[in-house]
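[1] The following comprises the amino acid sequence and a computationally predicted model.
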Amino acid sequence: MRVSREIYASARARESSLFLRKFPQIPAYMRIYFAGSIRGGAWNRENFIVLVDYLKKFGCVLTEHIPYTNEMDITDLSDKEIFERDLVWIRSADFMVAEVSNPSLGVGYEICKAEEFGIPVLCLYQKGSERRLSAMIEGNSYCTVKRYSSAEEALGYIADFVERLE
């Protein structure tokens, strides 16, 4: 999938406008950063789609492309541009939801930056995952860590987390 900067920016602007018209009762348009392993999390892609689609109920998911991205995707952005863009998005987010069932240096870094910027973080870990949850996530009292067995359970944790933010 090739996404140019202009097309992406245009799509984001259209989405924001449509969302505000569709949900005028939401007082503050929340900006949500979803983090999930791209390069090692292909096995969890369908779950990412469910989570991101649900998060859209609460506002603009800045990283809505994550479920549809893999290492073979082509982008006009360099690694440095992606890094800089994502830092801006994290800093501007109202909260972060990180799917942490698959170990990822990138997701760990994003969580660390969110904590540094004072952005609330919900980490979701799928019970029964073949991979153990990192002690750096599990032991971090800043993060809200929830273990889930089903997508419905994860969505309930998201709803509770967002409700406590408001």
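    Arrived safely.

[2] C-alpha from now on. contacts and neighbour counts both.
    OK.

[3] Please name the nearest non-neighbouring residue to Q126.
    Y148 (5.1 Å; Cα to Cα, 6 or more residues apart in numbering).

[4] Now for that neighbour, how many residues are close by?
    17 (other Cα atoms under 10 Å).

[5] could you pull out the strands for this protein?
    2-3, 30-36, 59-61, 74-75, 95-99, 121-126, 144-148 (DSSP state E).

[6] Mind putting those strands into JSON lines with distance to E110 and mean pLDDT?
    As requested, these are exported to JSON lines (distance: least, Cα to Cα, whole Å; pLDDT from 0 to 100):
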{"stretch": "strand 2-3", "distance to E110": "22", "mean pLDDT": "40"}
{"stretch": "strand 30-36", "distance to E110": "7", "mean pLDDT": "93"}
{"stretch": "strand 59-61", "distance to E110": "15", "mean pLDDT": "92"}
{"stretch": "strand 74-75", "distance to E110": "20", "mean pLDDT": "61"}
{"stretch": "strand 95-99", "distance to E110": "9", "mean pLDDT": "97"}
{"stretch": "strand 121-126", "distance to E110": "10", "mean pLDDT": "97"}
{"stretch": "strand 144-148", "distance to E110": "15", "mean pLDDT": "96"}
